[in-house]
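**Student:** starting from these lines, generate the structure:
(chains A and B)
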There are 2 protein chains.
Amino acid sequence: MLISALSTATGVSVATLKYYLREGLLMPGRTTSATRATYAEEHVARVRLIRALADIGGMSLASIKQVVTAIENPPPARIDLVAAAHDAIRAPGLDHAVDPEAVDLVERLGWRVDPTSAPLRSLSAALEAARDAGVAISPARLTTYARACQRIADADVRHAAAAATPTETVITVVAGTVLVDPVLAALRRLAQQHVSADLLT
Amino acid sequence: MLISALSTATGVSVATLKYYLREGLLMPGRTTSATRATYAEEHVARVRLIRALADIGGMSLASIKQVVTAIENPPPARIDLVAAAHDAIRAPGLDHAVDPEAVDLVERLGWRVDPTSAPLRSLSAALEAARDAGVAISPARLTTYARACQRIADADVRHAAAAATPTETVITVVAGTVLVDPVLAALRRLAQQHVSADLLT
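**Tutor:** This is a model prediction of the structure:
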């Protein structure tokens, strides 16, 4: 398809598509003449992923560029794919010091995680913010949350492990993490309503 | 304390505090003369809550005003407190139609939730966004997520139920929901790393 058809298929303007091409977010089409190139389904999928990460995940184009780099250069070992995907997702609190409470939790749970990893810094920043706002989370409650998140992560990783190629695994982890966060937030609120019908009567 | 001391205690400028007072986000101090008022610990707590909802929760001042209204006029029945808190938290996708998949899920789980409630619309919007991005969530995976969220919500509501007053319950639900979301997001990523060490080797 020509770029005009790619625009129609994705609902993204030709000017924006050209911007994605210039910035390396979208891979080049197949050149058919000096001024023409054609695009395929993989381009439609890439544009939809970019829009979803931007619109739903609230990610900047610079962060999406990191994701694209990870997709196009996946690490050779499968075990490194999740870490590569996490590094590509720019999380808040990245420059935050790791909190002893976060380290204690991870050790208590026996989780094998990179002690310098971005999510450990994000967790530290989020725990400190909750404390500062006067809604500190007790160690027991935090453990309950962590155990529930382990069940969620188990479903996440089993799903990602079923992907056919390293590139698809990175896409699944990135999109699954960023786009499923709002699903989980909504499910948590619905579950609060259901549970409160029992506990708050 | 005078407004200058409230500013020092909270790290928020006097100009911003006066704006919060004018907008009704911060309750008035005790008037001691025509031009002076004094503030107490409850004012410090309120300012910290406003800053946390804005900075961590990314909430607009208009949304925070709704939270303050709910805090100052909590519904008389405890069972309505969670719904009031959810209505006060402006979630994305509020004008989205309710998706049959979301209704099916809630019925399958036997959750008692308001069929017109905001989180059901947010869930519908999030499921559609994931589908559009090419990362649709299977019913089995969604059920796993929902069961895990029910454990999280159980801890949430037990914690909120321990609050001494209706006002504190609303604060606990709002702050606990908005400020704990980033904690859960970070825990999910850490758990993904741990689980992938087992599954992706």
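
**Student:** now the helix or strand of chain A with the lowest mean pLDDT: buried residues?
**Tutor:** Least confident helix or strand of chain A, by mean pLDDT, DSSP states H and E, is helix A:81-88 with a mean of 75. Across helix A:81-88, burial judged by 16 or more other C-beta atoms under 10 Å in any protein chain shown covers A:81-88. Where C-beta positions appear, they are placed from N, C-alpha and C, glycine not excepted.

**Student:** over to stretch A:66-82?
**Tutor:** Those would be A:66-68, A:70-71, A:74, A:78, A:81-82, for stretch A:66-82 by 16+ other C-beta under 10 Å.

**Student:** export these to CSV and tack on secondary structure and distance to B:Ala133?
**Tutor:** Listed next are the buried residues of stretch A:66-82 as CSV, based on DSSP: H, G, I helix; E, B strand; the rest coil; distance: C-beta to C-beta, whole Å:
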residue, secondary structure, distance to B:Ala133
A:Gln66, helix, 17
A:Val67, helix, 12
A:Val68, helix, 14
A:Ala70, helix, 17
A:Ile71, helix, 14
A:Pro74, coil, 19
A:Arg78, helix, 23
A:Leu81, helix, 19
A:Val82, helix, 19
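
**Student:** and the helices in chain A?
**Tutor:** Secondary structure of chain A by DSSP state H: the helices cover A:3-10, A:14-23, A:41-55, A:61-72, A:81-88, A:100-109, A:118-132, A:139-161, A:166-199.

**Student:** where among those helices is average confidence lowest?
**Tutor:** Among the helices of chain A, helix A:81-88 has the lowest mean pLDDT, at a mean of 75.

**Student:** what packs against it?
**Tutor:** helix A:61-72, helix A:118-132, helix A:139-161, helix A:166-199, helix B:166-199 (3 or more C-beta pairs under 8 Å, 6 or more residues apart in numbering or on different chains; DSSP states H and E).

**Student:** try it again at 6 Å.
**Tutor:** If you count contacts as 3 or more C-beta pairs under 6 Å, 6 or more residues apart in numbering or on different chains; DSSP states H and E, helix A:81-88 packs onto helix A:61-72, helix A:166-199, helix B:166-199.

**Student:** quick one on the thing from earlier: what does the least confident helix or strand of chain A contact?
**Tutor:** Here helix A:81-88 makes contact (C-beta atoms under 6 Å, 6 or more residues apart in numbering or on different chains) with A:66-67, A:70, A:75, A:118, A:169-170, A:173-174, B:189, B:192-193, B:196.

**Student:** how close does A:Gly176 get to A:Pro75?
**Tutor:** Per C-beta to C-beta, to the nearest Å, A:Gly176 is found 18 Å from A:Pro75.

**Student:** one more: A:Leu21?
**Tutor:** From A:Leu21 to A:Pro75 the distance is 26 Å (C-beta to C-beta).

**Student:** likewise for A:Ser7?
**Tutor:** Look at A:Ser7 and A:Pro75: by C-beta to C-beta, they are 34 Å apart.

**Student:** and if you look at A:Thr116?
**Tutor:** 17 Å.

**Student:** same question for A:Asp132.
**Tutor:** Counting by C-beta to C-beta, the gap from A:Asp132 to A:Pro75 is 37 Å.

**Student:** same deal with A:Asp154?
**Tutor:** In terms of C-beta to C-beta, A:Asp154 sits 22 Å off from A:Pro75.

**Student:** just to revisit the earlier point, closest to B:Pro100 out of the helices of chain A?
**Tutor:** helix A:166-199 (15.5 Å; C-beta to C-beta).

**Student:** okay, buried residues for the closest one please.
**Tutor:** For helix A:166-199, burial by neighbour count (16+ other C-beta under 10 Å) applies to A:166, A:169-197, A:199.

**Student:** now for it, which elements pack on it?
**Tutor:** Helix A:166-199 sits against helix A:61-72, helix A:81-88, helix A:139-161, helix B:81-88, helix B:118-132, helix B:139-161, with contacts defined as 3+ C-beta pairs under 6 Å, 6+ apart.

**Student:** check the offset of it from the chain's centre.
**Tutor:** Chain-centre distance of helix A:166-199: 12 Å, with C-alpha atoms, centre = their mean, to the nearest Å.

**Student:** one more: stretch A:125-144?
**Tutor:** In terms of C-alpha atoms, centre = their mean, the centre of stretch A:125-144 is found 23 Å from the chain centre.

**Student:** tell me if that stretch is near chain B.
**Tutor:** Yes: using C-beta under 6 Å from any C-beta of the partner chain, we find that stretch A:125-144 touches chain B at A:126, A:129-130, A:133-135, A:141, A:144.

**Student:** out of the contacts of helix A:81-88, which is nearest to A:Ala97?
**Tutor:** Among the contacts of helix A:81-88, and counting by C-beta to C-beta, the member closest to A:Ala97 is A:Ala118, at 13.1 Å.

**Student:** separation between that closest one and chain B?
**Tutor:** Going from A:Ala118 to chain B by C-beta to the nearest C-beta, to the nearest Å gives 8 Å.

**Student:** how many other residues sit next to that residue?
**Tutor:** Burial of A:Ala118 is recorded as 22 neighbouring residues (other C-beta atoms under 10 Å in any protein chain shown).

**Student:** need the CA coordinates for stretch A:154-170. CSV is fine.
**Tutor:** C-alpha atoms of stretch A:154-170 as CSV (Å, rounded to 0.1, in the frame of the first residue of the first chain):
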residue,chain,number,x,y,z
ASP,A,154,3.1,-15.3,36.0
ALA,A,155,0.3,-14.9,33.5
ASP,A,156,2.2,-12.1,31.8
VAL,A,157,5.4,-14.1,31.3
ARG,A,158,3.7,-17.3,30.3
HIS,A,159,1.9,-15.3,27.6
ALA,A,160,5.2,-13.6,26.5
ALA,A,161,7.0,-16.9,26.4
ALA,A,162,4.5,-18.2,23.9
ALA,A,163,5.7,-15.6,21.3
ALA,A,164,7.4,-17.0,18.3
THR,A,165,10.4,-14.7,18.0
PRO,A,166,12.6,-12.6,20.3
THR,A,167,11.1,-9.5,18.6
GLU,A,168,7.6,-10.6,19.3
THR,A,169,8.5,-11.4,22.9
VAL,A,170,9.8,-7.8,23.4
